[in-house]
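Asks: I'll drop the sequence and a predicted model, then ask my questions.
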Amino acid sequence: MTKRRQGFLLVACLLLLSVMMVMGLGLMSSRASRYEAAALTAQSARARALAWAGLEATRIKLCKDLDFPPPHTEGSLPFQFTEQVMDLDGSTRLGSYTITIDSSWKHIPYQVLRVSSLGTLGPSEGLRNPQVKIVAELDLSPRLRSDASLVNPNYFQWIVWSEEGSD
């Protein structure tokens, strides 16, 4: 082989190697973005579960406490509270849910309570925590018969809900 031919093979090998390296980096970056998207999907599902936990905690509080939420006065803001969710041993904060209760439709003829629950994953400090907001309506009308049996099968159940957004 001549020196000229050896130089050509060296240049060809370097070009082939650089093309393969660029393709490998492209494949690695696409995999990294897929892993990140999968992690965000899992975090969004956990935040959605926190929002549903807030709705169910509110429904149970309403079933057990006749004075919950405090009486609504004209012109006042909706009742709002936040609860932290800890793991089973109480050492790690998993997230929180913020409940907002609008009781302006609570009285006859509607007897509906509008509840929104914002589930936030992770600790409050930090960069950006995934959030999911669910808005639901709770049926409050028992509609009793004369023999005191319930006519309404949806009494104290969620009748309408929607997810308004997620981060």
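Replies: Received, thanks. Residues are numbered from 1 along each chain as shown.

Asks: from now on I want contacts and neighbour counts done on CA atoms only, so please keep to that.
Replies: Will do.

Asks: pull up the distance across stretch 84-102, start to finish.
Replies: 21 Å (Cα to Cα, to the nearest Å).

Asks: flag every buried residue along it.
Replies: Within stretch 84-102, the residues that count as buried by 16 or more other Cα atoms under 10 Å are Val85, Leu94, Gly95, Ser96, Tyr97, Thr98, Ile99, Thr100, Ile101, Asp102.

Asks: of those residues, which is the nearest to Pro130?
Replies: Taking Cα to Cα as the measure, Pro130 lies nearest Gly95 of the buried residues of stretch 84-102, at 9.7 Å.

Asks: what pairs with the one helix or strand the closest one maps to, parallel or antiparallel?
Replies: In the assignment (DSSP states H and E), Gly95 maps to strand 93-102. Neighbouring strands of strand 93-102 in its sheet, by DSSP bridges, are strand 79-86 (antiparallel), strand 112-121 (antiparallel).

Asks: quick one, which of those is packed in tightest?
Replies: Of all the strands paired with strand 93-102, strand 112-121 has the most neighbours on average by mean count of other Cα atoms under 10 Å, namely a mean of 26.
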